[in-house]
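Chemist: Sequence and computational prediction follow.
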Amino acid sequence: SGQFEVEVSHDRSRLADPAAFDAVALYIGGGKITPEQERGLAAFVNAGGGLLAIHGANAGLGQYDAYMDLIGTEFIEHDPLAPFEVTTEDGLDDILPRLNKQFCVVDECYKMKVRTDAPLRYFQYGTWRLERYPLGYVRDYGEGKVFYTALGHDERTFGHQDFQDQLLKGLRYVTDLKDN
C-alpha cells in the first residue's frame with residue numbers, strides 16, 4: 001500500500017520499549033517474555049500505540065497475565081490444518097471497511113478462551129464441522145487499539161488476498177489511519 005514502513009525483528013527484547021513505532025505486529029507463539037518486555041508492550045499500547053496480533057500470538061504464553069489481558073484471548077486448541085469457511089460480520093465498516101464477507105482458507109480453526117474483562121468486538125468467525133468459532137476481534141486498551149486474528153498458520157493463508165487485506169486494514173485501524 002505504501003502507507004507503512006516495516007521493520008522485521010526476531011529480537012523480543014525490543015518489546016521492552018517499542019515507543020519509536022506507531023504499531024507492533026506480533027507473529028509469535030510460546031517461548032518466554034521478560035517482565036520488562038511484558039510491561040513495555042502493555043505500556044506502549046496503553047499510551048496509544050497499536051498492536052496487530054496474528055495467529056499464535058495468543059498461544060503458549062498463558063503464564064503472562066498482563067500479556068494475555070492485552071491480547072484478550074488465549075489459544076486452547078485447534079482442529080487439523082484444513083479448508084474451512086470464514087465469514088465477516090456486518091456493521092464493521094467503521095473499523096475494518098470493505099472486508100470480504102466470506103471466503104475459504106486452509107488454516108487451523110482456533111478455539112480460544114477470553115482472558116480479559118474488556119469487551120472484544122468480534123469481526124470474523126470460522127465454521128468447522130458445523131460449529132462457529134470466533135477468529136478475529138478488535139479492542140481498545142487504554143488509549144491504544146488491538147487487532148487479533150487467529151488466521152495465519154502458513155504461506156497458504158499469508159498468500160490469500162482476503163487475509164492480506166484484513167491485515168492491512170487492521171494495521172490502519174490500530175494506527176488510526178483511514179482506509180484508502
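Modeler: Now that the structure is in, tell me what you want to look at.

Chemist: so who does the residue nearest to His55 when sequence neighbours are not counted touch?
Modeler: Spatial nearest neighbour of His55, chain neighbours left out: Gly152 (3.5 Å); criterion: CB to CB, 6 or more residues apart in numbering. For every residue, glycine as well, the C-beta is placed using N, CA and C. For Gly152, the contact set (CB atoms under 8 Å, 6 or more residues apart in numbering) comprises Tyr27, Ile54, His55, Gly56, Asp107, Phe158, Phe163.

Chemist: please redo it, this time with the cut-off set to 10 Å
Modeler: 27, 53-57, 105, 107-108, 158, 160, 163, 167 (CB atoms under 10 Å, 6 or more residues apart in numbering).

Chemist: cool, Phe4 as well?
Modeler: Asp22, Ala23, Ala25, Leu168, Leu171, Arg172, Thr175, Leu177.

Chemist: tell me the mean pLDDT for the longest strand seen in the chain?
Modeler: The single longest strand within the chain, with elements called by DSSP state E, is strand 131-141. When pLDDT is averaged along strand 131-141, the result is 96.

Chemist: Mind listing what's buried along it?
Modeler: Buried residues in strand 131-141, defined by neighbour count with 16 or more other CB atoms under 10 Å: Tyr133, Pro134, Leu135, Gly136, Tyr137, Val138, Arg139, Tyr141.

Chemist: would you list the residues you listed in JSON lines and tack on distance to Arg14?
Modeler: Shown next, in JSON lines, are the buried residues of strand 131-141 (distance: CB to CB, whole Å):
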{"residue": "Tyr133", "distance to Arg14": "32"}
{"residue": "Pro134", "distance to Arg14": "30"}
{"residue": "Leu135", "distance to Arg14": "28"}
{"residue": "Gly136", "distance to Arg14": "25"}
{"residue": "Tyr137", "distance to Arg14": "25"}
{"residue": "Val138", "distance to Arg14": "24"}
{"residue": "Arg139", "distance to Arg14": "23"}
{"residue": "Tyr141", "distance to Arg14": "19"}
